[in-house]
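# here is my input, please return the structure:
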Amino acid sequence: MGSPGGAGTRSMHGKMMSEDLDQTAAAYALGLLRGAARTAIEARRSSDLALQAKVKLWQENFVALDLAAGREFPPAGLFDTILAAIGAAARELPGTLTRRAGTGVWTEMSPGVTYTVLFDDPVAKRRSVLVRALPGSIYDSHFHDEGHEECLVLEGDLIMGDLKLLAGDFHLAAKGSSHPPATTVSGCLLYQSLAF
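Residues are numbered from 1 along each chain as shown. Below you'll find the model as predicted:
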């Protein structure tokens, strides 16, 4: 006896899970599935006749809905309103500097370790940077001759000799101190304030 409503079963992590073919096919036809989930459905379509039929049915239904709908035109001035909203979001507060995530140039310090400068303070002779290290990367031992270095682990882990720092941990290296080689197991993102 078949499953009701196009439902089937799929094995996931050793457990049998119910699947609604209509829901899967509709999500695929609408383009809601991305990445690995979409690739998996595309691989199944070649051999799963029931899935092929459901995807075709939903694609035809969505095309019919699109053709039946009347044309809608956006209200006059909508584009200018959107541009103004984008511009408003990008404004700075007077006397401040904002650095948006995903902006800036990343420079390699050593293989697998990069940094981006957030701010240079020429008066205090301090620099704020983000440092990103890939899993297993190593940064050589170094000496702090210009001044103290502050480090806050934002993500991942940082290991220097017997010292292991995790997300939220703060570390200060005083002027005249040195660090042993640093590495990371899972990768890390650090905020550092250092003298130059």
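# what kind of secondary structure is the closest residue to Leu152 other than its chain neighbours in?
Leaving out its chain neighbours, the residue that sits closest to Leu152 by Cβ to Cβ, 6 or more residues apart in numbering is Tyr191, at 4.5 Å. For the C-beta atoms, the positions are set from N, CA and C on the backbone; glycine is no exception. Using DSSP: H, G, I helix; E, B strand; the rest coil, the structure places Tyr191 in strand.
# who are the neighbours of the longest helix belonging to the chain, in terms of helices and strands?
Determined from DSSP state H, the single longest helix within the chain is helix 49-68. With contacts defined as 3 or more Cβ pairs under 8 Å, 6 or more residues apart in numbering; DSSP states H and E, the packing partners of helix 49-68 are helix 21-30, helix 35-45.
# tell me what angle that helix forms with helix 35-45.
Using axes from the mean of the first three to the mean of the last three Cα atoms, to 10 degrees, the direction of helix 49-68 lies 110 degrees away from that of helix 35-45.
# send me helix 49-68 as CSV with only the CA atoms.
What follows is helix 49-68, C-alpha atoms only, in CSV (Å, rounded to 0.1, in the frame of the first residue of the first chain):
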residue,chain,number,x,y,z
LEU,A,49,10.1,9.0,-11.4
ALA,A,50,7.7,10.1,-8.7
LEU,A,51,9.9,13.1,-7.9
GLN,A,52,10.2,13.9,-11.6
ALA,A,53,6.4,14.0,-12.0
LYS,A,54,5.9,16.1,-8.9
VAL,A,55,8.5,18.7,-10.0
LYS,A,56,6.9,18.9,-13.4
LEU,A,57,3.5,19.3,-11.9
TRP,A,58,4.6,22.1,-9.6
GLN,A,59,6.5,23.9,-12.4
GLU,A,60,3.4,23.8,-14.6
ASN,A,61,1.2,25.1,-11.7
PHE,A,62,3.6,28.0,-10.9
VAL,A,63,3.8,29.0,-14.6
ALA,A,64,0.0,28.9,-14.8
LEU,A,65,-0.3,31.1,-11.7
ASP,A,66,2.2,33.6,-13.1
LEU,A,67,0.4,33.8,-16.5
ALA,A,68,-3.0,34.2,-14.8
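# domain assignment for the protein?
16-68, 107-195 (automatic domain parsing).
# mind putting these in JSON lines, distance to Arg99 and mean pLDDT included?
Shown next, in JSON lines, are those (distance: least, Cβ to Cβ, whole Å; pLDDT from 0 to 100):
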{"stretch": "domain 16-68", "distance to Arg99": "29", "mean pLDDT": "86"}
{"stretch": "domain 107-195", "distance to Arg99": "5", "mean pLDDT": "95"}
